[in-house]
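for reference, the sequence and a predicted model appear below.
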Amino acid sequence: MNDVTDEKQDRATKPAKSEQTRTLILETALRLFQERGYDRTTMRAIAQEAGVSVGNAYYYFSSKEHLVQGFYDRIAEQHQAAAAEVLDGGEKDLAARIRGVLLGWLDIAEPYHEFASQFFKNAADPDSPLSPFSPESEGPREAAVDVHRRVLSGAAVKVDPELADALPRLLWLQQMGLVLFWVYDRSEGCANSRRLVERLAPVTARAISLSRFRILRPLVQETHELLRDFMPTAAGMAASGKPGRTAGRSSPSKGNDGRGGRRGRGSTP
């Protein structure tokens, strides 16, 4: 009987230990990215600092890019939790909901501001898996779109059904604009980014409110079509809700150690 109990306990402990190891590797990587820079940090250095073997590091994250995808996942999860405090608290004013969600993102991202520009250099490449429009980033991207969908669904202002799919994605694209502004914001405590949110939220809410009127609805639809048709291909697919690029996808990038590494459990697809 005791042997059976011990076996069950071992099984329950393994997933927890696995998650702890994965978290340790991710935390170590983020610290080294901040201290040494993304380009100068190797998977070998991350493994050494984390106190795990290089093979173990590659088991959980097959490349540095997958480590950053893990970071994206974490930010998305934390943002969803922070947004819930705003969206589930009874606030119905659309401007307040937009403001709370965007300020919540800035609060969560603040500790990573110093090395955000290093990520952006890679994320700005449309062929990079770190691009917010890439197939690899679909999970965090759709999580963010869902937050904006909830912003709209719980507001006093009702969205026209014809715009129900377009508006959450347009709000996400607006958030991407804020992220770009934040990356280059050198004001103390990123105060300029916060001021931008304070100005942006009521203007956006007013525009959404006006979109209910038939005379202005075509303008919103045309804006959505412009973004869909003239942004880079992956971005257009994201804005239109179409699936991302799949044909011709390259294999996972190799780390700085020259190893390919296999996709590990818990890594972003």
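Yes, it's here. Numbers count the residues shown, from 1 in each chain.

count of neighbours near the residue lying closest to residue 187 once chain neighbours are set aside?
Nearest non-adjacent residue to residue 187, counting by CB to CB, 6 or more residues apart in numbering: residue 193, 7.6 Å away. C-betas here are computed from N, CA, C, even on glycine. Counted by other CB atoms under 10 Å, the residues lying close to residue 193 total 24.

who's in contact with residue 193?
By CB atoms under 8 Å, 6 or more residues apart in numbering, the contact set of residue 193 is 106, 178, 181-182, 185, 187.

can you give me the strands for the protein?
Taking DSSP state E, the chain contains no strands at all.

can you pull out the helices in it?
For the chain, the helices defined by DSSP state H occupy 2-36, 43-50, 54-60, 64-87, 94-109, 113-123, 138-153, 166-183, 191-210, 217-230, 233-240.

got TSV for those, with mean pLDDT too?
Below are the helices of the chain laid out as TSV (pLDDT from 0 to 100):
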stretch	mean pLDDT
helix 2-36	76
helix 43-50	97
helix 54-60	95
helix 64-87	93
helix 94-109	97
helix 113-123	83
helix 138-153	95
helix 166-183	94
helix 191-210	95
helix 217-230	72
helix 233-240	44
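
would TSV of those with distance to residue 132 be doable?
Output for the helices of the chain, formatted as TSV (distance: least, CB to CB, whole Å):
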stretch	distance to residue 132
helix 2-36	18
helix 43-50	23
helix 54-60	23
helix 64-87	8
helix 94-109	13
helix 113-123	6
helix 138-153	6
helix 166-183	6
helix 191-210	17
helix 217-230	14
helix 233-240	8
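
so for residue 160, which of those sits nearest?
Closest to residue 160 of the helices of the chain, according to CB to CB: helix 217-230, at 6.3 Å.

on contacts alone, who are the packing partners of the closest one?
When contacts are defined as 3 or more CB pairs under 8 Å, 6 or more residues apart in numbering; DSSP states H and E, helix 217-230 sits against helix 166-183, helix 233-240.

so which bits of stretch 120-137 are buried?
Residues 120, 122-123, 128-137 are the ones in stretch 120-137 that count as buried (16 or more other CB atoms under 10 Å).

min pLDDT across those, which one?
Lowest pLDDT among the buried residues of stretch 120-137: residue 122, with 81.
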